[in-house]
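Colleague: Give me coordinates for this.
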Amino acid sequence: MSIALTALTCDSILAATSIPAVILTVGTAAYFSVGESDISQTSHAVRRNYPVIGNLRYVLETIRPELRQYIVESDMDGRPFDRMHRAQVYQRAKNVNDTLAFGTRRNLYENNAEWACHSMWPKHISIEEARHSIGTSEWGCKAPYNSSILNISGMSYGAISENAILSLNNGAKYGNFFHNTGEGGVSVFHMKNGGDLVWNLGTGYFAAGSGEGDKRVFDATCFQETLEEAEGKVKMIEIKLSQGAKPGHGGLLPKSKITKEIAKARRLPFPPQSDCHSPSSHSAFSNPEELVQFISHLRDLSGGLPIGIKLCVGQPKEFAALCKAITEIGVGPDFITVDGAEGGTGAAPPEFSDSIGLPLEEGLVLVRNMLIGAGLRDKVKIIAAGRITNGFAIVRTLALGADVTNSARGFMLSLGCIQALKCNSNKCPTGIATTNKDLMEGLDPEDKALRVYNFHKRTVQAALDIIGAMGHECVSDVTSDDIMRRGSNNVRTLSERFPSIEPNSLLEGKAPESCKIFGMGAHLTNPLPKDGFTNV
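Modeller: Coordinates of the predicted model:
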């Protein structure tokens with residue numbers, strides 16, 4: 001009887017209670033619960049001083065990037081890439097209209113505005129001609145590689161997802177350009193579709209070394225086994241000395257994040273016994289002379305593949321020492337990849353990303369002039385990378401001395417990257433910079449491969465249209481006289497801003513005064529010092 005009465009009473013109360021009253025009751029209870037929690041906690045002064053309402057600050061902080069990107073920023077705002085450049089990549093990747101209506105949005109009279117100098121007699125260059133041969137037979141290269149002027153820069157498997165790797169490599173195969181593996185080894189996802197690969201060999205010697213933790217060493221047998229497994233897909237090998245965004249800084253992949261696939265790609269034991277380290281420096285060499293000898297060793301082990309180095313330029317005297325070692329030993333890298341300090345990475349200390357290393361223009365010009373002055377420019381090709389997303393960026397980079405350009409984030413945008421800036425959280429909403437299987441499911445490799453191909457084709461064609469408009473018949477004809485830049489009170493060509501030097505002038509000690517500010521006034525005729533870095 002009492003049970004029935006109680007049930008009847010509850011039904012009566014519920015029937016008599018309005019929905020707004022229930023909401024008010026629940027809301028009030030939640031308010032006091034949150035308020036009590038805020039007052040009792042000691043970690044956040046704002047929440048303690050302003051219970052409940054103080055939490056609004058943290059809500060707004062969480063959604064601030066989205067509010068800024070979709071509501072606040074203009075077409076010319078946004079970093080690292082503004083909306084205009086991102087939209088251009090998306091349009092070309094989707095193969096839709098990318099033309100601009102009603103004229104330029106840029107202020108051509110502001111500082112650093114730049115433009116190409118066109119000719120009254122324009123020419124046409126076909127995309128098949130926009131290639132450059134890399135490899136020096138004089139130094140033992142037996143398989144020179146004919147490279148596109150735009151390629152995919154290094155992004156490791158693990159830093160980006162398997163579906164992203166599959167998409168990039170398949171797109172590279174469609175477009176006949178190369179895909180740099182990044183230092184995380186050569187994975188099955190790199191090899192599945194058959195696109196050309198440049199194997200990035202970092203300080204951890206992944207897929208080419210042995211040892212655990214920070215004790216990794218180069219292993220020639222492992223190196224050759226990986227090349228055999230690649231079945232000819234590896235076209236060049238790049239020794240990574242440093243990279244933009246974190247030059248001189250190593251990395252660490254916690255063992256909890258080492259999957260079976262990552263372990264296989266890096267040739268690590270599985271289950272992992274320790275964290276996976278990428279030290280800040282190599283164990284196979286410690287000075288320029290040893291580096292040159294290691295390059296020659298890899299060329300022999302690989303059967304004559306082009307061997308190069310990648311670096312973000314730091315101290316000019318150290319690069320001078322490397323040029324000196326090359327001239328004295330008589331052998332060197334087939335190519336040098338110059339990575340600008342403005343380059344990207346999945347995660348890096350902010351001080352390294354913001355304040356260390358030469359930006360691309362200064363680094364590229366220094367390498368160009370050092371090689372010219374040392375009489376090496378005809379043997380060593382230059383690849384350059386640093387925020388390259390459109391045709392003009394390619395042309396400007398070629399004008400400053402590069403033979404070939406690479407882009408990483410440009411191709412990420414072509415995959416659908418929305419610049420969410422969550423690369424270091426494993427929560428990339430587009431499934432690119434994540435190992436989360438659920439998130440990467442949203443990225444369809446077949447569809448995205450076509451977008452990678454479209455972006456490459458249309459961007460290279462845009463660069464060729466500009467070069468043709470300049471009156472040139474070949475990409476190698478572009479010089480720094482072809483680009484002008486506005487300063488605070490003048491307009492100068494890039495050749496005036498970054499003067500070149502005479503061939504062999506450094507060997508003769510005749511570097512012009514204008515180049516000495518870049519540390520290029522050194523006499524390369526001095527004997528190579530034992531440590532490779534002093535008396536340069």
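Colleague: Run a quick neighbour tally on the closest residue in space to Gln243 that isn't next to it in sequence.
Modeller: In space, and not counting its chain neighbours, Gln243 is closest to Asp339: 5.1 Å by C-beta to C-beta, 6 or more residues apart in numbering. C-beta: built from backbone N, CA, C; applies to glycine. Residues lying near Asp339 (other C-beta atoms under 10 Å) number 31.
Colleague: Local confidence estimate at Asp339?
Modeller: With respect to pLDDT, Asp339 has a value of 96.
Colleague: With Gln69 instead?
Modeller: On the pLDDT scale, Gln69 gets 81.
Colleague: isn't it right next to Gly78, touching?
Modeller: Yes. Using C-beta atoms under 8 Å, Gln69 makes contact with Gly78 at a distance of 6.9 Å.
Colleague: so what sits against both of the two?
Modeller: Gln419 (C-beta atoms under 8 Å, 6 or more residues apart in numbering).
Colleague: Would you map the strands across the stretch 151-300 of the chain?
Modeller: 179-180, 197-201, 209-210, 217-218, 234-240, 251-253, 276-278 (DSSP state E, counting those that start in this stretch).
Colleague: Now render these as JSON lines, adding distance to Ile307, mean neighbour count and mean pLDDT.
Modeller: JSON lines is the format used below for the strands of the stretch 151-300 of the chain (distance: least, C-beta to C-beta, whole Å; neighbours: other C-beta atoms under 10 Å; pLDDT from 0 to 100):
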{"stretch": "strand 179-180", "distance to Ile307": "14", "mean neighbour count": "28", "mean pLDDT": "98"}
{"stretch": "strand 197-201", "distance to Ile307": "9", "mean neighbour count": "27", "mean pLDDT": "97"}
{"stretch": "strand 209-210", "distance to Ile307": "17", "mean neighbour count": "19", "mean pLDDT": "90"}
{"stretch": "strand 217-218", "distance to Ile307": "13", "mean neighbour count": "16", "mean pLDDT": "94"}
{"stretch": "strand 234-240", "distance to Ile307": "5", "mean neighbour count": "24", "mean pLDDT": "98"}
{"stretch": "strand 251-253", "distance to Ile307": "23", "mean neighbour count": "18", "mean pLDDT": "75"}
{"stretch": "strand 276-278", "distance to Ile307": "20", "mean neighbour count": "21", "mean pLDDT": "80"}
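Colleague: Using a markdown table, lay out these together with distance to Ser167.
Modeller: Shown next, in a markdown table, are the strands of the stretch 151-300 of the chain (distance: least, C-beta to C-beta, whole Å):
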| stretch | distance to Ser167 |
| --- | --- |
| strand 179-180 | 10 |
| strand 197-201 | 15 |
| strand 209-210 | 28 |
| strand 217-218 | 31 |
| strand 234-240 | 19 |
| strand 251-253 | 22 |
| strand 276-278 | 25 |
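Colleague: now for those strands, which one comes closest to Gly308?
Modeller: strand 234-240 (5.1 Å; C-beta to C-beta).
Colleague: who touches that closest one?
Modeller: By C-beta under 8 Å, 6+ apart, strand 234-240 touches 134, 143, 145, 154, 178, 180, 183, 186, 196-203, 226-227, 282, 291, 294-295, 298, 302, 305-311, 333-335, 337.
Colleague: So which of those are in helices?
Modeller: Taking DSSP state H as the definition of helices, the contacts of strand 234-240 contribute 226-227, 291, 294-295, 298.
Colleague: returning to that earlier point: who wins for proximity to Phe392 among the strands of the stretch 151-300 of the chain?
Modeller: The minimum distance between Phe392 and those falls on strand 179-180, with 22.7 Å, by C-beta to C-beta.
Colleague: Show me where the stretch 251-400 of the chain dips below the pLDDT cut-off.
Modeller: Within the stretch 251-400 of the chain, no range satisfies pLDDT under 70.
Colleague: what about the helices in it?
Modeller: Counting by DSSP state H, counting those that start in this stretch, residue ranges of the helices within the stretch 251-400 of the chain are 260-266, 288-301, 316-329, 350-355, 360-373, 391-399.
Colleague: now the angle from the second one to helix 316-329?
Modeller: The reference is to helix 288-301. 60 degrees (axes from the mean of the first three to the mean of the last three C-alpha atoms, to 10 degrees).
Colleague: what's the spacing between the residue most central in space within the chain and Arg387?
Modeller: Compute the mean C-alpha point of the chain, and by C-alpha atoms, centre = their mean the closest residue is Ala408, 4.2 Å away. Per C-beta to C-beta, to the nearest Å, Ala408 is found 10 Å from Arg387.
Colleague: do the same with Glu61
Modeller: The value you get for Glu61 to Arg387, if C-beta to C-beta is used, is 27 Å.
Colleague: burial measure for the residue lying closest to Ile258 once chain neighbours are set aside, as a count.
Modeller: Spatial nearest neighbour of Ile258, excluding adjacent residues (C-beta to C-beta, 6+ apart): Pro272 at 4.4 Å. Neighbourhood size, Pro272 [other C-beta under 10 Å]: 21.
Colleague: coming back round to it: what's the closest of the helices of the stretch 251-400 of the chain to Thr221?
Modeller: Among the helices of the stretch 251-400 of the chain, helix 288-301 sits nearest to Thr221 (C-beta to C-beta), with 9.5 Å.
Colleague: Mutual contacts of Ala408 and Arg387, please.
Modeller: Gly343.
Colleague: re earlier: excluding covalently adjacent residues, which one is nearest to the residue nearest to the centre of the chain?
Modeller: Nearest residue to Ala408, sequence neighbours excluded (C-beta to C-beta, 6+ apart): Ser153, at 3.8 Å.
Colleague: got a list of what that neighbour touches?
Modeller: Shown in contact with Ser153 (C-beta under 8 Å, 6+ apart): 180, 339, 343, 385, 406-408, 411.
Colleague: Let me see the confidence value for it.
Modeller: The model reports Ser153 with a pLDDT of 97.
Colleague: Over to Met440?
Modeller: If you check Met440, the pLDDT there is 92.
Colleague: quick one: it from Pro80, how far?
Modeller: Noted for Met440: a distance of 23 Å to Pro80, by C-beta to C-beta.
Colleague: Neighbour count: those two, which is higher?
Modeller: Between Met440 and Pro80, Met440 has the larger neighbour count (other C-beta under 10 Å), namely 20 against 15.
Colleague: Burial check on Ala402, number of neighbours?
Modeller: Quick note: Ala402 (other C-beta under 10 Å) scores 26 neighbours.
Colleague: Please name the bridge partners of the closest residue to it other than its chain neighbours.
Modeller: Nearest non-adjacent residue to Ala402, counting by C-beta to C-beta, 6+ apart: Ala384, 3.8 Å away. Per DSSP bridges, the residues bridged to Ala384 are Val338, Thr405.
Colleague: my guess is Ala384 contacts Ala399, does it?
Modeller: No. Between Ala384 and Ala399 there is no contact under C-beta under 8 Å: 10.9 Å.
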